[in-house]
Every structure is written in C-alpha cells, then in structure tokens.
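[1] Any chance you can model this:
(2 chains)
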Amino acid sequence: MTDRETRITPLHGAGGELMDELLARLILPRFGKKGSGRIALSALDDGATVALPKTGELVITTDNHVVKPIFFPGGDIGRLAAAGTLNDLAVMGARPIVLTLAAIIEEGFPIADLERILDSFAAALAETDAVVACGDTKVMPAGDLDGIVLNTTGLGVAEHAVSDAELKKGDVVLVSGTIGDHGMALLAARAEFRLSTVLQSDVAVLWPMIERVLKVGGIHAMKDPTRGGLAAALNEMARKSGTCIEIEDAAIPLRPEVVGLSDLLGISPLEVANEGKAILIVAPEKADAVLAALRGHPLGANAAIIGRVIDEHPRRVILATEVGGRRFLDMPLGDPVPRIC
Amino acid sequence: MSQPFHFSDPKRAKELSDAIRILAPREPVKLVHVCGTHEIAITRNGLRRFLPASVRILEGPGCPVCVTPAADIETAIRMGENGAIVCSFGDMLRVPGMGRSLESARAQGVDVRTVLSADEAVRIARENTKREVVFFAVGFETTAPMTAAVVLDDPPPNFSVLTSHKRIPPAMAALLDLPDTGIAGYLAPGHVSTILGTKAYEPDLARYRIPVVVGGFEPLDVLYAIALLLRQIHDKAPRVENGYPRAVSEGGNPAALALLDAVFETADAAWRGIGTIPASGLKLRSEFHSRDARRRFDVRVEEDDAEICGCRCPEVLTARAVPSDCPLFAKRCTPLSPVGPCMVGAEGACSIWFRYEGERPL
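    As a prediction, this is how the structure comes out:
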C-alpha cells in the first residue's frame, strides 16, 4: 500500500480528488445513510437542511475535543466527541437530532486510527436517533498539532429546555452514577505515573436514560460534570442560582479503584472529569421516583441522592465529610496536579 | 470484603469528640502540628468542627519547601547558571526566592528538571555525563534517607547534592523558645516518626516538659492523638506518647537511621521565616565532600533576612497565625499568584486552606 493510503497527507484536506476519495471511503458509509432533512450529508452540498420541529424549542451546543491519549481505557476521542455533544443536549432536556463533525488532523496520522475513531463516533451516535448533517476536514503539517482535534456542534429539540440554574431551596441533588471514573482512568493511563489499573473511562451517551427520567417530571436543573468534575459543576450551579448546595461525602458513589488512585495521587475524585454522568436537581416530592427511573436504566444503576439545596451560605457548596466534619467544597483552580512530597 | 476498621467511622469520631470535650480545659489551649499531611487531614475532613472553641490546632513549620531559605533557592539557580542541570521536586519550582524562582530561572534558560525522587536525578546524571547534575535535596527526615541511599550507591562523578535537608525535633524546640508562641502540646508527625521513632523527640524536647503525641493521618488517628494530648495536659503529665503504634515504634526504622548516620551529620541551618536553628540541618559527612555541590561550585549567596515581605508567612510557619489572619490570604495571594511560600508548597498551610476551604473557612 502507498503511504497516502495508510496515512493522512496534506492532500486529504485540500478539497481535491483525494479528499473526495476519503469522504467516499470513510465518511459516507458511516454517516451517509440517514438524512437530517431534504438536503442531507450524502448530497455533499455546501450545507444540509434540518426539518424544523413542530413544537418546543431548538437547543444548540458546540465543543472542541482534545484528549491525551487519543485511545484510552474505555473509549477514544471519537466516542468522547459524540457523547460529549449529545450529553450537553441531553442535560438541557433536548432530544438530539443533528450533529456536525469537523476534524483537524495532523499530517501522517494513521488512517486506520481515523477509521477506529469514526467507528466509535458512529456507534455512540447510533444510541440516539441523531444523524451527522455536515462536516469538514483540515490537515495540518506534522508537528503543528498533536494527532487529531474534533469539533462537534449539536442540535436538539426540547419541549421545555432545562437550565442549570433553576435550583430552589429544598430541592434534592442526585448523581446518575459513580464519580471521577473518566478523569482518574486517564490520569492512570498517562505514562509518567507507571500505574496499572482496571479502571475505565465512563464515557457514555446519556440521552436514553435522561429521556426516561424527564417523563417522571420535577427536574429543575441538570448538568453533566465534565471538566472540573462534580466540584466545578456544583459550584457553577450554586453561583448561578444564588443557592447553597450541601452534599454528603459518604453518599457520593465512588469506585474503590477511584478512591485508591485518588489517595495515591493526592487528587480529589470530585475535581476530575466525568463523561457519562449527570447531576440532577429535583423537586423533593419527585426525588425517589427520579432515583428509581435512573436506577432502572443500566447507566444509572449506581445513581444516588447526594445532597440538598439549602440557603445557609448562598453561592457556595458545603461538603459534609464522612467522619462528621463540614467544609466548603470550592471551585477547582485548574487542572489537578499530583502531590509530590 | 469489608474493612476490618473504618478510619472515618462517624460513630467512633463522635466518641472521640465527646472525650475531647470532656478533657479540654476551660482556658484556651493551642496545639501545634508540624506536618502538611496533618493539615490536609484536618482541613479536608473538617476536623476542627470536632474541637471545642477553647482548643485550637495550627500548622507550624510542616512544609519542607516553605522553610527552605531563599538563599538556597538562589544558590541552586546560580549553579544552573554555571552550567549544571538542577534537579528539583516539582513543589519547589514556584517558591519565590531572592527575586526569582527556579521556574522563572528556567524560563530564562537555566536547565531545571522536575524529578519525583533522588533516583531520577542520578539517572539524569548517567544520561548527561558531560554535564554537572545537582540534586536540590529538600525535605525532613522522611526524604533525607533517600538522598543518603543514592549518595552511598556510587552515583556517577558528575552527580552532586545541594543539601537543604532539615530535622524536625530541633525546630519544635525552637518554636518553644520564641516569646509569643504559647504552645500547649505537639501533635508530632507520623511519617517522620516512622523513621525516627518516638524516642528521637526526647533529646530536644524533654527539658520543655511539653506534651508530645505522635499521630497518624486518618481522621480517627488525628482525633485520637488530640484526645491523648488533652489527657496529658489535663493530667499535667507531659511526655512523648505514641498515638500511631500501627506504624511508629520507639526506635524507628533502623535501616533508614543507619543510612542517615552514614551520610549526614547535624549542622546549624537557616529556616525561612524562623531564622537559624542550632543542629537542625543535615550536611554531608567529610568522606562525601566530593558529592557536595556547595564545594563543587564557587557560589556564595548571603542570607537575606528580609526574605518574606508583605505577607504573614513567617507567623504562619511558627504557628502564631492561621492563613485567614493574613490580609492577603485568598485576595492578593492565591495559588495562581502566590506572595509567600506557604501558598506555593502543596503542604503549606495557606495552600491547603485555599484548596479545601476556598476564600474563607466554613
């Protein structure tokens, strides 16, 4: 096989014959079958059309996806990109209908790896009814980029979009499963720590679970605790709504592997990313029913009530520690760095 | 399989908290610990909530990078400017020295490498045989045996050590000599004590007749050690007591102590924010002078007394203030733009308070 058949070259992003060949070989077989509207991806037109919903509101979101390593325990950048955007729509209470997929690829990137990434993207997408409507490919010279960057924009439809700010005193705080899996799995996978673990990223598509839960009702706010983890997401919700959130350390579902790695590295599992979890703020009378609905779906098997919305210290998050202490849980400063001494 | 003993058990914590309340004197008592990991355990678990208002516990000089003199940091940088590769723990990089830090020097072109252990510095020396490699050795009796081990293990000729290692017991005594510290008892560090053993505190501390309890780092360990301290105060029976017997023995770790003794001898040492403390440092014995970076490089840096200005770090390091007493804390001084070393070192009280409580404690 020639080099251009196995590796990405600048010509693959140049809009000529080679790019058409790449689209025909890699993109259309995976994403060209289902259309978004009258003019679909398969038309390879300048744009695609999306049929307007008859009721409700449109929700739009966008994300750039960079991850190191590109293939990690439990997933890869393709699954992460699809799930990330689909989940942003889902926690807005929106059924995903359309995604865009744009890639910036480093010259020399193995096409076999690109195919794996696209397969993962397609598999995640297939967990919903959404389709890819359009996309773009650019190639950058070797060394100018670390592998591949994906951008996805998502469009969804909500009867009534759910914000992350409508918290009310007395509301109950739930999480849909174990916390910190993705961030700790990636830290452990980084070569410099020379660790080995069975821990996997939790990267998952949340819409099928959230669709069930929305039917129960009483959901005042939702958020997916990605970068900055549970600590950042809860602080953001408390600040925006002017409420205080109190959570109980002992109630937060944590895998033993995550607790172990956290102790070893000196990094709190509450401050690292999740890619398949949701925080739900629920009216107290609906909390048990929402919990049951979450647990009725495989992704929500470890769902738990972790706290309540109170009015003690507005705009702050309080952590009741397992031993019986209490402290503020603050917004993480930046990327967590392992303790050294 | 369930844990045989649960070190965060709220029921046992409540029992200890009750004992602490019964034992606590009515007049205020100030307890001091000298270990960043103790401060993390206390702050992260919200343990101050278990203490009655009359009982306070503060961190003293428990952060090795915080008490490293600015002159030592400047010395390391100048060795780098003389062409050496300077190997340092990552924690040390951002600590402000005399107008500059290892990190800012690196930005100016000095070859500073972050290492996780002394071993790694030796590996760098083996890979760079044409260059001098200096290991900036910082830390208490917990890390000093590792430095001793590599010095004894025939490192390559281009490897030398800039030692800034310190001994904790003399510093505990020095704090008691300061006029206004008012320390009623010491929670002694579990990690250091694993190496030294409980009996190592007696030569420095016996004459002060002060309660000393070695404590571990789980929430119940800390509460238990505090209860033992308050019992000693109550009974007016000060002594060195082992509150962490599952890890600490009377005699310590003989292999580590033998390494320390083979390589180091005690020397007077400067502590940042405190001053010079007699016999509180570890310098290389004469047979290892060839490994002493201070002898290998012609670098002389004068001690600078006004080395921490503008913040209350010196008082925090001597347990005369808590971070929130400082007007700069969480305002002008944050981990992203630190003023004093206590906000830089991961074991510094200010950095710990900021990390686990944010702008103000609950």
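[2] CA atoms for contacts and neighbours, from now on please.
    OK.
[3] residues from the stretch 51-200 of chain B in reach of chain A?
    Contacts of the stretch 51-200 of chain B with chain A, taken as CA under 8 Å from any CA of the partner chain, map to B:F89, B:G90, B:D91, B:L116.
[4] Just the ones in strands from those residues, please.
    B:F89 (DSSP state E).
[5] Of the residues of the stretch 51-200 of chain B next to chain A, just the buried ones, ChimeraX syntax please.
    Remark: buried members of these, expressed as a ChimeraX selection using 16 or more other CA atoms under 10 Å in any protein chain shown:
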select /B:89,90,91
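[6] And the residues of the stretch 51-200 of chain B next to chain A, which two are furthest apart?
    The most widely separated members of those, counting by CA to CA, are B:D91 and B:L116 (9.9 Å).
[7] can you give me the strands in the stretch 51-200 of chain A?
    Listed in chain order, the strands of the stretch 51-200 of chain A (DSSP state E, counting those that start in this stretch) span A:57-65, A:71-72, A:75-76, A:95-106, A:131-140, A:148-158, A:172-175.
[8] Name the residues of the stretch 201-341 of chain A found near chain B, please.
    Close to chain B, as judged by CA under 8 Å from any CA, the stretch 201-341 of chain A has residues A:321-332, A:339-341.
[9] which regions of the stretch 51-200 of chain A lie under the pLDDT threshold?
    A:191-195 (pLDDT under 70).
[10] mind running it again at 80?
    Counting by pLDDT under 80, the low-confidence segments of the stretch 51-200 of chain A come to A:190-197.
[11] Spell out which residues of it are next to chain B.
    Counting by CA under 8 Å from any CA, the stretch 51-200 of chain A has no residue next to chain B.
[12] related to what we said a few turns ago, would you turn the strands of the stretch 51-200 of chain A into TSV with mean neighbour count?
    Converted to TSV, the strands of the stretch 51-200 of chain A look like this (neighbours: other CA atoms under 10 Å in any protein chain shown):
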stretch	mean neighbour count
strand A:57-65	17
strand A:71-72	18
strand A:75-76	20
strand A:95-106	22
strand A:131-140	21
strand A:148-158	22
strand A:172-175	26
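[13] okay, those in a markdown table with distance to A:E211 next?
    Supplementary listing: the strands of the stretch 51-200 of chain A in a markdown table, determined by distance: least, CA to CA, whole Å:
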| stretch | distance to A:E211 |
| --- | --- |
| strand A:57-65 | 15 |
| strand A:71-72 | 28 |
| strand A:75-76 | 23 |
| strand A:95-106 | 8 |
| strand A:131-140 | 18 |
| strand A:148-158 | 11 |
| strand A:172-175 | 16 |
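[14] Ok, which of the ones you listed comes nearest B:Y186?
    strand A:172-175 (40.9 Å).
[15] Would you list the strands that that closest one pairs with, along with their directions?
    Strand A:172-175 has the following strand partners under DSSP bridges: strand A:279-282 (antiparallel), strand A:304-310 (antiparallel).
[16] Buried residues in the longest helix seen in chain B, which are they?
    Looking across chain B with DSSP state H, the single longest helix is helix B:219-235. Buried residues in helix B:219-235, counted by 16+ other CA under 10 Å: B:219-233.
[17] ok, now stretch A:237-245?
    A:M237, A:A238, A:R239, A:S241, A:G242, A:T243, A:C244, A:I245.
[18] per-residue pLDDT, the fourth one?
    Think A:S241. If you check A:S241, the pLDDT there is 97.
[19] List the contacts of the closest residue to it other than its chain neighbours.
    Distances taken as CA to CA, 6 or more residues apart in numbering or on different chains place A:A165 nearest to A:S241, at 4.8 Å, with adjacent residues excluded. Listed by CA atoms under 8 Å, 6 or more residues apart in numbering or on different chains, the contact set of A:A165 reads A:A221, A:M237, A:A238, A:K240, A:S241.
[20] cool, A:L261 as well?
    Neighbouring residues of A:L261 by CA under 8 Å, 6+ apart: A:M184, A:A188.
[21] and the particular helix or strand that has it in it, what's its mean pLDDT?
    Counting by DSSP states H and E, the element that carries A:L261 is helix A:256-265. Per-residue pLDDT over helix A:256-265 has a mean of 88.
[22] could you dump it to CSV, C-alpha only?
    C-alpha atoms of helix A:256-265 as CSV (Å, rounded to 0.1, in the frame of the first residue of the first chain):
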residue,chain,number,x,y,z
PRO,A,256,-12.8,1.6,45.0
GLU,A,257,-10.3,1.9,42.2
VAL,A,258,-11.0,5.7,42.0
VAL,A,259,-10.6,6.0,45.8
GLY,A,260,-7.3,4.2,45.7
LEU,A,261,-5.9,6.2,42.8
SER,A,262,-7.1,9.4,44.4
ASP,A,263,-5.3,8.6,47.6
LEU,A,264,-2.1,7.6,45.7
LEU,A,265,-2.0,10.8,43.5
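[23] chain center to it: distance?
    22 Å (CA atoms, centre = their mean, to the nearest Å).
[24] Repeat that for stretch B:179-197.
    11 Å.
[25] First residue to last residue on that stretch, what's the distance there?
    In stretch B:179-197, first residue to last residue: 29 Å (CA to CA, to the nearest Å).
[26] Residues contacting it, please?
    Counting by CA under 8 Å, 6+ apart, B:29-35, B:38, B:140-142, B:175-176, B:210-217, B:225-226, B:229, B:233, B:244, B:247-254, B:256-257, B:318-320 sit against stretch B:179-197.
[27] cool, stretch B:303-322 as well?
    B:32, B:58-62, B:67, B:70-71, B:97-98, B:175, B:180-181, B:272-274, B:323, B:326-328, B:339-342, B:349.
[28] so of these, which ones are in helices?
    B:A70, B:A71, B:L175, B:A349.
[29] quick check, nearest of those residues to A:A90?
    So of these, ranked by how close each gets to A:A90 (CA to CA), first place is B:A349, at 41.6 Å.
[30] burial count for that closest one?
    Using other CA atoms under 10 Å in any protein chain shown, B:A349 has 33 other residues around it.
[31] Quick check: it touching B:T37?
    No: look at B:A349 against B:T37 with CA atoms under 8 Å: they stay out of range, at 9.9 Å.
[32] got any residues that touch both of the two?
    Common neighbours of B:A349 and B:T37 (CA under 8 Å, 6+ apart) do not exist.
[33] Looking at the stretch 151-300 of chain B, which residue is nearest chain A?
    Nearest to chain A in the stretch 151-300 of chain B, going by CA to the nearest CA, is B:P219, at a distance of 6.8 Å.
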